[in-house]
Each structure stands twice: as C-alpha cells, then as structure tokens.
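J.: I'd like to go over a predicted model; first the sequence, then the structure.
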Amino acid sequence: MDCKNVLRSVMAFAVLVLSVAACSKEDPFEGPLGLQSRRIVLPAETGVTPVMVFSNTTWTVTMTPKVSWAGIDRLSGKGSSGLYFSYAANYGEAREVALAFEAGGVRDTVVIVQNAAQ
C-alpha cells in the first residue's frame, strides 16, 4: 500500500469514528416542552393522526373538552415522543378539541379541527 492509500484509509476511519461518536442517544431538545404543530386540520372521515411532542422531561396531556368522537392513546410520556389522536367520522359541522400539554412548568396547546361533512 502506498502512502496515499494509507492516508486515505486513516482519514476514512477517522471520519467514521467521528460520525459514530457524534451520534448520541441523548435527546437534543433542550427545553421542557415543544410541539410539532399548534393547529391540526383533519378531514371529515374517520382517522388517526400522530401528534409529536418534544421534551427533555416527562409530560402530560389532557383533552379539552372531553368529547365522545375523539381519543388519545396516552396521557403522558417522557422525552421527545408522540401520541396518536383518533377520531370518528364527522357527519355534521366542523368541530374542534384542544390537547393541553404540560412539562416542566411549561404549558402549550394543540388545537385540532375536524372539517365538516360535505
């Protein structure tokens, strides 16, 4: 192997090591609470949609008001993760519900609107 090939191999190995070292299982989000979106608009048909939560601590969520046409798959989580919001078909006028999140003394809300039937 000549010097150029050895140097290229060493540099490629160094890049690989630095790339792996840069990958971390730590959540890069530094605040107690962040939301992917503060407003989600859904179609009138039945469905499920993900809601992403970014946090460096534990968080809770409540649905306000409590409604019979929608549900969430969890009431709390830890770190950055998500939940699933499921909803029934809407045969009437547009309707909405709020998901109120709290983490580390910070509060934020996602308003979810389901379009009216057409």
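T.: Noted; the coordinates are in hand. Quantities reported herein were computed from a predicted structural model and do not represent experimental measurements.

J.: Run through the strands of the protein in chain order.
T.: Assigned strands in the chain, in chain order: 34-35, 39-42, 47-54, 58-64, 70-72, 76-78, 81-87, 95-103, 106-114 (criterion: DSSP state E).

J.: Give me the residues contacting the fourth one.
T.: Pointing back at strand 58-64 there. Under the contact criterion Cβ atoms under 8 Å, 6 or more residues apart in numbering, strand 58-64 has outside partners 32-33, 53, 70-72, 74-78, 83, 97-103. Where you see a C-beta, it was placed from the backbone N, CA and C, and this is true even at glycine.

J.: So, low pLDDT: which residues of this structure?
T.: Filtered on pLDDT under 70, the chain yields the residue ranges 1-28.

J.: Closest to the mean position in it, which residue would that be?
T.: residue 52 (1.3 Å; Cα atoms, centre = their mean).

J.: That one is in contact with residue 40, isn't it?
T.: No - Residue 52 is not in contact with residue 40 according to Cβ atoms under 8 Å; the separation is 10.6 Å.

J.: returning to that earlier point: of the contacts of strand 58-64, just the buried ones, PyMOL syntax please.
T.: Entered in PyMOL, the line below selects the buried ones among the contacts of strand 58-64, by 16 or more other Cβ atoms under 10 Å:
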select buried, resi 32+33+53+70+77+83+97+99+101+102+103
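
J.: Please name the residues that touch residue 47.
T.: Counted by Cβ under 8 Å, 6+ apart, residue 47 has contacts 86, 87.

J.: repeat for residue 107
T.: Counting by Cβ under 8 Å, 6+ apart, the residues that residue 107 touches are 33, 100, 101.

J.: what's around residue 91, how many residues?
T.: 8 (other Cβ atoms under 10 Å).

J.: got a list of what it touches?
T.: Residue 91 neighbours (Cβ under 8 Å, 6+ apart): 44, 117.

J.: Now do the phi/psi pair for it.
T.: Residue 91 has phi and psi values of phi -100, psi 0 when expressed as degrees, to the nearest 10.
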